[in-house]
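In: Dropping the sequence and predicted coords here.
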Amino acid sequence: MNIKIFYDKINYRLRKKREVVKVIERVIRSYNRKTGDLSFIFTDDKEIKKINKEFLGRDKKTDVIAFDYDNRDTLNGEVYISVDTVKMNANNYKVSLRCELIRVMIHGTLHLCGLNDRSNKERTLMRREEDRFLRLIYKKI
């Protein structure tokens with residue numbers, strides 16, 4: 001099992017990475033999956049918009065894009081996160097950048113575990129799961 005965090009064209013660095021990686025591993029285990037190779041790539045709006053257009057046909061920025069390289073019960077994939085958009089969302093939701101980044105990391109991992117957020121019902125479940133795992137780090141949520 002191998003979870004890595006990369007930084008592309010940004011100055012931000014995630015503090016207490018080991019703590020966050022343990023939570024991500026717990027998310028994966030809770031969906032009866034094993035951790036394979038999982039990469040989180042923190043980037044900027046320009047790069048995520050380019051990825052979104054090239055691979056998903058959407059010419060717009062977003063906070064997170066997850067690519068699933070599924071291998072049966074082992075979770076493998078890449079999660080691209082725009083720190084620019086996450087920072088804006090953190091300001092809107094009045095939470096710290098770190099907290100919102102961890103939420104988005106959990107969100108991307110949940111997508112790789114099979115959850116979607118297309119319908120209201122799916123979005124409600126996704127948010128509940130994000131909160132459940134964020135509580136492991138932030139007891140007050």
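Out: Okay, I see it.

In: So the residue nearest in space to the middle of the chain, which state does it fall into?
Out: Centre of the chain computed as the mean C-alpha position; nearest residue by C-alpha atoms, centre = their mean is residue 105, 2.2 Å away. Classification of residue 105 by DSSP: H, G, I helix; E, B strand; the rest coil places it in helix.

In: I figured it hits residue 40, correct?
Out: Yes. Taking C-beta atoms under 8 Å as the contact criterion, residue 105 and residue 40 are neighbours in contact, 5.8 Å apart. Every residue, glycine included, has its C-beta placed from N, CA and C.

In: and for the two, which residues touch both?
Out: Shared contacts of residue 105 and residue 40, defined by C-beta atoms under 8 Å, 6 or more residues apart in numbering, comprise 79, 81.

In: For the closest residue to residue 75 other than its chain neighbours, give me phi and psi.
Out: Excluding its sequence neighbours, the residue lying closest to residue 75 (C-beta to C-beta, 6 or more residues apart in numbering) is residue 33, at 4.5 Å. For residue 33, the backbone dihedrals (degrees, to the nearest 10) come out as phi -120, psi 160.

In: burial measure for residue 58, as a count.
Out: For residue 58, the count of nearby residues is 13 (other C-beta atoms under 10 Å).

In: residues in contact with it?
Out: Contact analysis of residue 58 by C-beta under 8 Å, 6+ apart lists residue 52.

In: All set now, cheers.
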